[in-house]
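S.K.: mind looking at a prediction? Sequence and model below.
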Amino acid sequence: MAAATLLAACSPSGGSGGGGGGGGGGTIKFWNMPWGNTEFNTLDEEITKAYKPEDGLGAATYQVIQWANFTQTFSSAVASNTGPAVSSGGGTQAFQFEAQGKIAYADDLLESWKESGLYDDFLPGLLDTMKVEKGYAAVPYNLDMRVLWYNTTLLEAAGISAPPTDWQGYMDACEALKKNNVYGYGTGAGAGAFTGTHALVSWMINNGGGLFDEDQKPNCVTPENIEAMDFVLEMVSKGYVDPASATYTSANVDSQWEARTFGMGYNTGGLANNVGGDVGGELAVMSPLKSPSGKQGALFFPNSIMMYTNTPSQEGSEAFLTYYYQNMTPLWTEGTGIGLPPLKSITETEEFQADPTNVKIITEWQPVARTWAAPGGDALFFDVTAVDGTPAMDTFSQSILGGNTDSKTALTALQSAIEGALA
């Protein structure tokens with residue numbers, strides 16, 4: 001789950017800065033989310049409980065935190081110093097707690113990984129997404145990608161011999177699909193359907209745009225973004241977008257794919273598995289499109305694991321995380337449904353290589369993917385919480401997919417809303 005609503009402010013108790021307790025063998029509490037299917041947390045708990053710490057360091061306990069109300073769960077626990085020493089969480093959670101002085105920076109941990117080779121095992125650019133002014137706020141854990149999918153059967157029926165490679169080709173494919181009563185841009189921006197917003201930002205990034213400049217300030221009304229939204233609005237006006245898309249939930253979107261009324265569109269890397277059945281077998285990931293500016297790219301979310309200042313032993317937190325990263329490969333090789341891995345060594349396993357879709361996403365999409373911070377950078381920061389699953393982004397997406405606006409007006413309104421949220 002990439003988007004997280006803004007965590008409530010926590011009271012300034014406990015440590016501040018990069019360290020927790022000194023030595024000591026207190027238990028390291030590890031809280032993790034249900035990132036995959038029912039097998040995920042079972043295997044994850046087995047890995048955690050198999051940890052055998054060195055003398056003087058504490059063992060690790062395991063707790064599953066459900067997505068429902070998880071922001072309140074973490075906020076209350078961190079504020080009362082009853083929370084975890086180590087956890088995963090929402091896509092921007094580490095940066096929210098870092099701004100409150102509750103995160104133990106991972107600089108020493110990452111430095112220790114250079115000798116073992118673990119540091120160099122991360123996919124290109126991932127570690128940079130975690131770097132804030134005072135240090136590394138977290139460690140990349142699993143990747144939630146936004147990629148373009150297409151239904152091979154529907155394209156063939158429309159006389160399209162190969163998936164599009166650029167924006168004009170995409171528009172042409174939409175026109176061909178429309179003749180068969182198929183929508184070429186399958187999306188949704190209803191309650192909880194964050195992929196609708198993510199898709200719009202992906203078009204911006206694809207064209208060299210995005211929402212923040214190099215000074216980490218909102219900068220929405222740019223020529224690149226206007227051109228990208230003009231492209232989407234043209235698809236809306238030509239009937240390539242389902243008129244009900246502005247109201248579709250994620251379940252509605254999956255249902256439209258399953259009903260073969262969606263022929264192409266942005267979605268998560270797990271769309272085919274989510275749809276399943278015969279239709280799931282018809283779905284394939286296309287290569288990143290080239291925009292009119294010749295650029296490629298899309299939005300992605302480097303979900304992370306973070307350490308907290310409230311720990312019985314910072315040494316213990318770091319020792320556990322070292323063990324965990326050295327032993328977490330089965331989470332990806334045993335079909336638990338977790339997102340894409342952050343380590344090159346996992347992508348090179350026989351099990352991972354056996355899935356051509358995941359291989360294509362890692363090989364072609366991950367190198368050009370950008371975070372919410374684009375185009376000014378990729379390092380995440382606190383202010384991206386203003387665009388991560390917020391009402392401002394929902395309103396923007398629904399106005400674009402409704403077709404009742406123009407690009408500059410919609411982007412100007414979004415700019416104002418973001419600035420208002422950050423004021």
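M.R.: That came through fine. Keep in mind that what you see is a predicted model, and the values were worked out from it rather than measured. Numbering: from 1, shown residues only.
S.K.: who are the contact partners of I338?
M.R.: Contact analysis of I338 by C-beta atoms under 8 Å, 6 or more residues apart in numbering lists 35-36, 40, 142, 331-332. Where C-beta positions appear, they are placed from N, C-alpha and C, glycine not excepted.
S.K.: those in helices, which ones?
M.R.: 40, 331-332 (DSSP state H).
S.K.: quick check, nearest of these to Y170?
M.R.: In terms of C-beta to C-beta, no member of the ones in helices among the contacts of I338 lies closer to Y170 than W332, at 31.0 Å.
S.K.: what's whichever helix or strand M171 is part of in contact with?
M.R.: If you go by DSSP states H and E, M171 is part of helix 167-178. Applying C-beta under 8 Å, 6+ apart, the contact partners of helix 167-178 are 150, 154-155, 158-160, 163-164, 183-185, 231, 234-235, 238-240, 263-264, 289-292.
S.K.: filter those residues to the buried ones?
M.R.: Among the contacts of helix 167-178, those that count as buried by neighbour count (16 or more other C-beta atoms under 10 Å) are 150, 154-155, 158, 160, 163-164, 183-185, 231, 235, 240, 263-264, 289-291.
S.K.: helix, strand or coil for the spatially most central residue of the chain?
M.R.: In the chain, the residue lying closest to the centroid (C-alpha atoms, centre = their mean) is F301, at 2.3 Å. At F301, secondary structure determined by DSSP: H, G, I helix; E, B strand; the rest coil is strand.
S.K.: I figured it hits N142, correct?
M.R.: No - F301 is not in contact with N142 according to C-beta atoms under 8 Å; the separation is 9.2 Å.
S.K.: for the stretch 301-423 of the chain, give me the ranges with low pLDDT.
M.R.: For the stretch 301-423 of the chain, applying pLDDT under 70 flags no range at all.
S.K.: quick one, strands of it?
M.R.: Secondary structure of the stretch 301-423 of the chain (DSSP state E, counting those that start in this stretch): strands at 369-370.
S.K.: mind listing the helices for it?
M.R.: 314-327, 330-333, 344-347, 350-353, 356-360, 391-402, 407-422 (DSSP state H, counting those that start in this stretch).
S.K.: so what does the first one touch, helix or strand wise?
M.R.: Taking 3 or more C-beta pairs under 8 Å, 6 or more residues apart in numbering; DSSP states H and E as the contact definition, the neighbouring helices and strands of helix 314-327 are strand 28-32, helix 38-49, strand 86-87, helix 107-116, strand 298-308.
S.K.: for H198, which of the ones you listed is the nearest?
M.R.: Short answer: strand 298-308, nearest of the helices and strands packed on helix 314-327 by C-beta to C-beta, at 5.1 Å.
S.K.: could you check the angle helix 107-116 makes with the closest one?
M.R.: Orientation of strand 298-308 against helix 107-116 (axes from the mean of the first three to the mean of the last three C-alpha atoms, to 10 degrees) gives an angle of 110 degrees.
S.K.: return the distance of strand 298-308 from the chain's centre.
M.R.: Here strand 298-308 is found 7 Å from its chain centre; the criterion is C-alpha atoms, centre = their mean, to the nearest Å.
S.K.: give me the angle between that strand and helix 314-327.
M.R.: Using the same axes, to 10 degrees: strand 298-308 against helix 314-327 is 140 degrees.
S.K.: strand 298-308 to strand 28-32, inter-axis angle?
M.R.: Calculated by the same axes, to 10 degrees, strand 298-308 forms an angle of 160 degrees with strand 28-32.
S.K.: so which elements touch strand 298-308?
M.R.: The helices and strands touching strand 298-308, judged by 3+ C-beta pairs under 8 Å, 6+ apart, are strand 86-87, helix 93-98, strand 103-104, strand 139-151, helix 194-206, helix 314-327, strand 369-370.
S.K.: can you add distance to I226 and give those back as JSON lines?
M.R.: Shown next, in JSON lines, are those (distance: least, C-beta to C-beta, whole Å):
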{"stretch": "strand 86-87", "distance to I226": "40"}
{"stretch": "helix 93-98", "distance to I226": "28"}
{"stretch": "strand 103-104", "distance to I226": "37"}
{"stretch": "strand 139-151", "distance to I226": "21"}
{"stretch": "helix 194-206", "distance to I226": "9"}
{"stretch": "helix 314-327", "distance to I226": "42"}
{"stretch": "strand 369-370", "distance to I226": "18"}
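S.K.: next, the contact list for the residue lying closest to G36 once chain neighbours are set aside, please.
M.R.: In space, not counting the residues next to it along the chain, G36 is nearest to G337; the distance is 3.3 Å by C-beta to C-beta, 6 or more residues apart in numbering. In this structure, G337 makes contact with 35-37, 39-40, 270, 273, judged by C-beta under 8 Å, 6+ apart.
S.K.: which pair in those residues spans the largest distance?
M.R.: Farthest pair in these, by C-beta to C-beta: E39 and G270, 14.8 Å.
S.K.: more neighbours: those two, which one.
M.R.: G270 (17 against 14; other C-beta atoms under 10 Å).
S.K.: next up, phi/psi of the more buried one, please.
M.R.: Here is the backbone geometry of G270 (degrees, to the nearest 10): phi -100, psi 20.
S.K.: in PyMOL, how would I select the buried members of the ones in helices among the contacts of I338?
M.R.: With 16+ other C-beta under 10 Å as the criterion, this PyMOL line picks the buried residues out of those:
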select buried, resi 40+331+332
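S.K.: list just the nearest of the ones in helices among the contacts of I338 to V201.
M.R.: For these, the nearest to V201 is W332 (26.6 Å; C-beta to C-beta).
S.K.: is it true that that closest one touches I346?
M.R.: Yes - using C-beta under 8 Å, W332 is in contact with I346, at 5.1 Å.
S.K.: what touches both of these two?
M.R.: F352.
S.K.: A369 - nearest residue in space that isn't next to it in sequence?
M.R.: The spatial neighbour of A369 that comes closest, neighbours along the chain excluded (C-beta to C-beta, 6+ apart), is F300 at 3.8 Å.
S.K.: quick one: contacts for that neighbour?
M.R.: 143-146, 365-366, 369-371.
S.K.: possible to save those residues as CSV with distance to N327 and neighbour count?
M.R.: Below are those laid out as CSV (distance: C-beta to C-beta, whole Å; neighbours: other C-beta atoms under 10 Å):
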residue, distance to N327, neighbour count
L143, 19, 23
D144, 22, 20
M145, 24, 24
R146, 29, 22
W365, 27, 24
Q366, 23, 22
A369, 27, 25
R370, 30, 23
T371, 27, 23
